[in-house]
Every structure is written in C-alpha cells, then in structure tokens.
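1. pasting the sequence and the predicted coordinates here, then a few questions.
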There are 2 protein chains.
Amino acid sequence: MVRSNPLMIWWALSGTGTRQVSKTETATARPLTSRQLAALIGVSQSAISRAFTPGSSISSDLRSKILMAARDYGYRPNAIASMLTTRRTNIVGVVVSDMQNPFYPALLAQLTQGLQAAGLQSLFFNISPGASIEDQLHAIRTYNVDAVVIISATVLNERMLTWATEGRRSILLNRLGHEDITTVCCDNTLGFRSLVDHLFETGRRRIGYVAGFTTSGVGLVRYSAFTTRLAELGMRLVGTSTRQAYTHEAGRLSTLDLIPLEPDAIVYASDILALGGIETIRMAGRAKDIAVTGFDDIPMASWPGYSLTTYRQPVREIVDRTVELLLATDIGPPQRHTLQGELMIRATTDPAGWADVPPSA
Amino acid sequence: MVRSNPLMIWWALSGTGTRQVSKTETATARPLTSRQLAALIGVSQSAISRAFTPGSSISSDLRSKILMAARDYGYRPNAIASMLTTRRTNIVGVVVSDMQNPFYPALLAQLTQGLQAAGLQSLFFNISPGASIEDQLHAIRTYNVDAVVIISATVLNERMLTWATEGRRSILLNRLGHEDITTVCCDNTLGFRSLVDHLFETGRRRIGYVAGFTTSGVGLVRYSAFTTRLAELGMRLVGTSTRQAYTHEAGRLSTLDLIPLEPDAIVYASDILALGGIETIRMAGRAKDIAVTGFDDIPMASWPGYSLTTYRQPVREIVDRTVELLLATDIGPPQRHTLQGELMIRATTDPAGWADVPPSA
DNA sequence: ATTTCCTATGAATGCGATTTCATTGCAATG
DNA sequence: CATTGCAATGAAATCGCATTCATAGGAAAT
C-alpha cells in the first residue's frame, strides 16, 4: 500500500519544518499525531485513541471511520507515548549470558518468536564477559520493561538478580536454587536418571562424568541426579572431571582425564561437552568401548557424524510455559515449573560401539 | 567512540555498589519522579533533569548534590518519558531471520555487545518462518527505534525493507544489492578468490561448488567470484549443486550430487554447508582425494574433528564499523562498506588428504 | 561605580497518547 | 409526557522529563 501520502504535503505546508528536507533526510518528517488526525477528519483526539483501544466506549461507525482514515493518512499510534500513560511497554527484557553454547541461540530464537506471537517484543541484555553487567542491569530498570526473562544467568549473583528483577514479573530459565524468582526448567533429575537407566540397560557399569560448572544450581542437580541413580543401580563412578565451562574444548580436555580410568561410558553434563568428548574418544580409538551421552539435544547431536544419545530439553514447552506465565493476569508467589524432556537414543550408546576412528588425521 | 550517556554519570557517582536504599522502595510503589526528588531536596525539577544531562548548564555543586540525593533516594530518570521529549530511544532494532546457521548467533552476540558498549540497546525482531513478518515490521515503526540493523534479511523483499527502515538510520549486514540502504559486508569476492587460489596452489584442478541460496545477492556474488577466478586459473568446474538452504543437511545432500563427478575439491558457500559435506565425503571414503573449503569460520570449523579450511568473516570489524556508522552524527547517502576477512588454512585442504573414514558407523 | 555579559537557576510549555469527567442525545420506563 | 439510564462523544487533566524563556547574581570590562 504505497499510496501518495497527504501527510507529506500537510507537513510541507504547515511550516513547522524550517529544516531543508534533503533526500536523505526524510528521517525528520515527523509522523502524524492523533491530534492532527483528529483535526483532519473532524473528531476529537480522544476518539482516535479510543478507536485504537479495544473495548473502549466508541461506536463502531466512528471507529471504522477513524481506522480507515488512519490507514489512508498513514497514522499509527506512538507506542512511546502510550507507554508513558499506561506504564506498560509490552517489552520483555531478555538477559543472556552464554551464547557460546549452541543450545542458547536455539532457545533464544524460539523464545523471541513465542513472545512476538503474544505481542511482546524482546529487548536484549547481553551479560557476557566484556560487557558491563552493571550498566545492563541498570538499563533493565530505566527502560521499564514489563518483565524479565533470564536465560542461564550463571554470571549473575543473587543480589544482582533480585535488584534487576525487583518489582517486575520475572522468570528464570534453566536455573535452579532461587527462592524469590519463578523458574521454568527442564526436569534435569529425570533426564539424568533416564540416561543412567539407559546406560544400565545397555550393559554399561563403569561410568565417568564430565561436568560444566560445578557451582551452578543446575550443575549440582545434574551431578546429584546422576550419582544417585548410579548408586541405586549399583554402577560404579570411575571418575569426574570439569573445566568449569560448557564448551567443546572443555569436553575434549576433561575426557582426556577420564580415559585412563577405563570407563565403559561417559556421561556429559551437556551436548557441547559430549561433542568434544566424542572427538577425544575417537582420537584415542576407544569408541568401541566407551558410550557417550549428552544433554540438551542441540541440532548437532543428531547430525549423522555424531548421532549422540542425549536428553532433549523441551524447548517448545519451556517457551510456551514462559509466555503463559508472562501473560497471566494474576501473579502469585514464585513458582517452580519443571518440564519433562525426552530421551533420544542414538548411536553413541549402541552396545556394539560406534565409530572408533579419529575423523581427522 | 562512545556516546555520552546520562546513565554513565549516575553510575560514576554511585560507587561500586552498597546502595543505601531507603525501605520506601517497595515493589508496588511507583518509582520516584524528578519532580518528587526536586521537592525533597528543594530544587527545581529542571535542575534534576540537567543533572542527568551531560553538557547542560548546571553548576557542578548542584549536579553532585542532586546525583547524591538521587542515589540515596533511589531516583533514576524514566527512559520512556525522556524518549517522548527527545524523540530518541537509544534503541536499535535488530532484525534477524536465520538463527539456524551458527554464524548468525555469533555475529548477533558480538553486535549486541558492541551496541551496548556504545550505550545502545537492542530490540529484537525475529523474522523467521512462523513469525508474522508484517507484525514485526509494523512494530519496528511503532516502537520508534533510532536505527535498524538487519542481519541477513533473506526473507525480506526490497519493498518491505524500505518500508521498515524508512526514515531511520539503517544498516544491512552481509547482504548486497540494495541501493537504498547502507551495507556492511565481508569482501566475498576477495574471500572466494583467495580460497580458489589456495586450492590451485595445493594442486587441485577439478572443482565442485555447493551453493546456499542462489537467489540472494551474497549467493550470486560468491558464485560469480568463484567461477571467475576458476576460469582465470584455468581450473575446471565439474558441477554445482544446491538445496536452497544454508544447513548441514543441505551440505550433505548437495555433496552426494557432486561426488560422482569426481571433483578433487569442493568449494562450499558457507561453513555449515561444508561441515555437512565433510560428513558425506567421509562416508564415501573420499577424504583422501577431495579437498573442502568453507566460508565464515564459525567456531566448529576450527574443532580438531573438522579442521576446515575457510575464509574468516571479520566479525569484529563488521560490528565496529556498524556501531561507528550508527553513532556518526551526519548521515550521508547510502554507502557500501566492504571489509576484508582472512584465509584460514586448515586440514581439509591438505594436499596429503584428511581423514577418509566415516566418523560414525 | 556602572554597564555588559555570562552562568546558573526556576517557571512554564510541550511530547503524544490515555483516561477521567462532563455533556449530549436517545431509548426505555413509569 | 416527564424521567431515568446508558452509550457515545469532547474537553481537560495527566504521565515524567527536556527544553525554552525569563531572571537573578556575579565577574569582567569600561
């Protein structure tokens, strides 16, 4: 709908613009305001506002007249102005700290889509090494976001968290151990129990474990679920290793520690660690003996070259629940939402062994 | 260059933490307004505003008095309100369409960090299949973002683009062929010429090509640079294949088409395609004969298990240039910025061949 | 000492909507 | 027919800050 716009003419004649309108400077043409539109079609400014406010007291005749005029003149309500009076921004602050781990971009993409579908925009706060955490938390408050969703806030301590989220709806994704904030999290315990069960059923008994962060809530829960189930089934924990990171390299290195301990399976705290582990195990030519499991089910896990047995995080459900909580009219006390994932059995736990040759010379 | 940001001042004076907040700051209580603070310490509201506005006419005595009071009472300027008067939001709309390709999350992470460092926030617009493009473009305008950065807008057509970006500073990353918008892009031509040169020098002569989108500007430029250099060096193009996508699977499938043509090297339009190709080539046991090159240098390319020869996109430089352009005070006509990357020589072009065994049974 | 010129400040005026309040007209009721 | 009640509309008052305007008080200049 590229129709010639009376607005431009109006502005040109109105004399408000003493600036020279250059070709590149169309930026300065200010959009029509509700008052101007009202004047143009001879109604009150209130009427314009009502026409755009569902459920307000206005006749459908007048409303449609206004909406058509708005379309013709290219008027659209200024969101900033309405934020000021309604004190609602329809903006959700999304705090991200770890974009290295491929799981998070995937989660992020779905989350923003889910929010968009609900009419919410996402304002990004990147809390990563190199970014100023203080400034970002500060911005969360001055921009008056309606809500805050924190994705894996391993960087934030409890006090920062409560300060940043104070007074606004907020949800912590994939993190545990915070009393004051509602959390939505995959069922890590069930996940690791399933993985151990699967290893047991496929005949593995001597298990190694590679952790990411051993300090975070999720990290602890995963390890604890793992060891508990191991003990219940009478399996042996041959060793644990960590590099305090969820990266491919950390997976490679930690696996080097474990191989000498002769495990017949290694459980990794996340897929990205497991992918690193696969590489080390292949280099060592041990793929025939050592089963591998991950956690997350990132896209790479299902690539034929890896075919990693893992536990799928229910990303869709996490996102849906999150959006649902954000839209709920009544906010109760902080809640814990635990969503069930799914065991994805692939080649790396095949009792017959998987590829035992290093992929690269 | 860092834009002077009122918030910086606040933080500078606020100390490193240990805010002494009066207990009056309950969640339900509305935040203090400048007028209230003014009344509390007996100055005018204008003074409060000036205290937070760098370069405004105010004595340093009064300013520091106000800033300290602000800290004590927990006052902070309401960004929404100031947007209304200044007509500047300090928000950049970031339009993303393809989060599947790992290159984009990486670019995105760096971009948001670069913007943050310059005092700009990023509002996300996810234009992906499943999201309503119309709604998102609409939102870009009603939220009055200061600028728009579009990352790989393969989904948007020319008319949508101009409509969405009309009247605001906007930059297109990694896309070519748009006259009206400033673009910042890696030097694709140089990149593909370098790759071909490298293949020539390492003795390859029969080359295959796997494309992503063959319709996009970047896709065309890459292919054209590739074939041109091939001809110049008298090398032979044995075949081309595409699945119209930049995915691992597309790489796998396209490679299946090419292998029967007996190439001694395959050039892929991007790393993610090449990774898929590596898999197919390994399965076929042809890694000894077929060299592989990618483009982007995503993290996975340097994993030992792949060790993919590729051309690094200068992400840091792209981000820096973008931020610089956004902060520039004078906007000229649309410009083309082409930044040079770097040839990353790894194992997949080793004349001796790389791993020739399928990594997974 | 008088004039001039700044600088620092306060008062007042928007920014562009939402929302309350008051008013009008018309239908329904007695 | 008079009265009540409701729906639709306009006028006016915010919302919280930025900025212009007006002014008081000094310092500098004469």
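-> On my side now, so go ahead. Numbers count the residues shown, from 1 in each chain, chains lettered A, B, ... in the order given.
2. so residue A:165 touches residue A:148, yeah?
-> Yes - with contact defined as Cβ atoms under 8 Å, residue A:165 counts as touching residue A:148 (5.1 Å). Glycine gets a C-beta too; all of them are placed from N, C-alpha and C.
3. helix or strand right after the helix or strand encompassing residue A:192?
-> Using DSSP states H and E, residue A:192 sits within helix A:188-201. Moving toward the C-terminus from helix A:188-201, the next helix or strand (DSSP H and E) is strand A:206-211.
4. just checking, what packs against that next one?
-> If you count contacts as 3 or more Cβ pairs under 8 Å, 6 or more residues apart in numbering or on different chains; DSSP states H and E, strand A:206-211 packs onto helix A:217-232, strand A:236-242, helix A:248-258, strand A:265-268, helix A:271-283.
5. not counting it itself, show me its contacts.
-> Contacting residues not belonging to strand A:206-211 are listed as A:196, A:199, A:219, A:222-223, A:226-227, A:230, A:235-242, A:250-251, A:254-255, A:258, A:261-269, A:273-274, A:277 [Cβ atoms under 8 Å, 6 or more residues apart in numbering or on different chains].
6. and those residues near DNA strand C, which?
-> Taking Cβ under 7 Å from any atom of the strand as the test, DNA strand C is in contact with none of these.
7. need the winner for burial among the helices and strands packed on strand A:206-211.
-> Mean neighbours per residue, mean count of other Cβ atoms under 10 Å in any protein chain shown, is largest over those for strand A:265-268, with a mean of 30.
8. just checking: what are the partner strands of that strand?
-> Sheet pairing of strand A:265-268 (DSSP bridges) gives strand A:206-211 (parallel), strand A:291-293 (parallel).
9. between these, which one is closest to DNA strand D.
-> Of all the strands paired with strand A:265-268, it is strand A:206-211 that lies closest to DNA strand D, at 45.8 Å by Cβ to the nearest atom of the strand.
10. in that closest one, what counts as buried?
-> A:206, A:207, A:208, A:209, A:210, A:211 (16 or more other Cβ atoms under 10 Å in any protein chain shown).
11. could you dump those to CSV with pLDDT?
-> Putting the buried residues of strand A:206-211 into CSV (pLDDT from 0 to 100) gives the following:
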residue, pLDDT
A:206, 96
A:207, 97
A:208, 97
A:209, 98
A:210, 98
A:211, 96
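12. farthest pair within the residues you listed?
-> Spanning the widest gap among those are A:206 and A:211, at 17.7 Å by Cβ to Cβ.
13. per-residue pLDDT, residue A:213?
-> pLDDT for residue A:213: 89.
14. of the buried residues of strand A:206-211, which are in range of DNA strand C?
-> When the buried residues of strand A:206-211 are checked against DNA strand C using Cβ under 7 Å from any atom of the strand, none falls in range.
15. which of those lies closest to chain B?
-> Distance to chain B across the buried residues of strand A:206-211 (Cβ to the nearest Cβ) is lowest for residue A:210, with 16.5 Å.
16. which one is that closest one nearest to, not counting chain neighbours?
-> Computed as Cβ to Cβ, 6 or more residues apart in numbering or on different chains, the closest residue to residue A:210 that is not its neighbour in sequence is residue A:254, at 4.3 Å.
17. now residue A:337
-> Computed as Cβ to Cβ, 6+ apart, the closest residue to residue A:337 that is not its neighbour in sequence is residue A:184, at 4.5 Å.
18. list the pairing partners of the host helix or strand of the one you found within its sheet, with orientation.
-> Residue A:184 belongs to strand A:182-186 when assigned by DSSP H and E. Partners of strand A:182-186 in the sheet, by DSSP bridges, are strand A:169-173 (parallel), strand A:336-339 (parallel).
19. what about the first one, average pLDDT?
-> Taken as a whole, strand A:169-173 carries a mean pLDDT of 92.
20. report the distance from it to the chain centre.
-> 11 Å (Cα atoms, centre = their mean, to the nearest Å).
21. how about stretch A:340-347?
-> Remark: stretch A:340-347 is offset 21 Å from the chain centroid, using Cα atoms, centre = their mean.
22. for chain A, which spans come out with low pLDDT?
-> For chain A, the stretches flagged by pLDDT under 70 are A:1-28, A:153-155, A:356-361.
23. can you pull the contacts of the spatially most central residue of it?
-> The C-alpha lying nearest the average C-alpha coordinate of chain A belongs to residue A:108 (Cα atoms, centre = their mean; 3.4 Å). By Cβ under 8 Å, 6+ apart, the contact set of residue A:108 is A:94, A:96, A:151, B:99, B:105.
24. give me that answer again for 6 Å
-> For residue A:108, the contact set (Cβ atoms under 6 Å, 6 or more residues apart in numbering or on different chains) is empty.
25. for it, give me the backbone phi and psi.
-> Dihedral pair for residue A:108: phi -60, psi -50, per degrees, to the nearest 10.
26. same question for residue A:101.
-> phi -70, psi 120.
27. my guess is it contacts residue A:269, does it?
-> No - taking contacts as Cβ atoms under 6 Å, residue A:101 lies outside contact range of residue A:269: 11.0 Å.
28. between these two, who's got more neighbours?
-> Neighbours per residue (other Cβ atoms under 10 Å in any protein chain shown) separate residue A:101 from residue A:269, with residue A:269 holding more: 28 against 22.
29. up against chain B, what does chain A have?
-> Counting by Cβ under 6 Å from any Cβ of the partner chain, chain A comes close to chain B at A:24, A:26-27, A:76, A:79-81, A:83-84, A:99, A:105, A:109, A:112-113, A:116, A:121-124, A:126, A:131, A:138, A:142-144, A:167, A:248, A:279, A:303-305, A:307, A:347, A:354-355, A:357, A:359-361.
30. in helices, which of the residues you listed appear?
-> If you go by DSSP state H, the residues of chain A next to chain B have A:79-81, A:83-84, A:105, A:109, A:112-113, A:116, A:138, A:142, A:248, A:279 in helices.
31. of the residues you listed, grab the buried ones for ChimeraX.
-> Selecting only the buried entries of these in ChimeraX, with 16+ other Cβ under 10 Å as the criterion:
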select /A:79,80,83,84,105,109,112,113,116,138,142,248,279
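32. near DNA strand C, list only the ones from the ones in helices among the residues of chain A next to chain B.
-> Among these, the ones lying near DNA strand C by Cβ under 7 Å from any atom of the strand are A:81, A:84.
33. name the nearest of the ones in helices among the residues of chain A next to chain B relative to DNA strand D.
-> Closest approach between those and DNA strand D, by Cβ to the nearest atom of the strand: residue A:84, at 3.9 Å.
34. doesn't residue B:82 make contact with the closest one?
-> No - counting by Cβ under 6 Å, residue B:82 is not a contact partner of residue A:84; they are 10.1 Å apart.
35. break chain A down into its domains, please.
-> As given by automatic domain parsing, the domain ranges for chain A are A:29-77, A:91-186+A:316-341, A:188-313+A:343-349.
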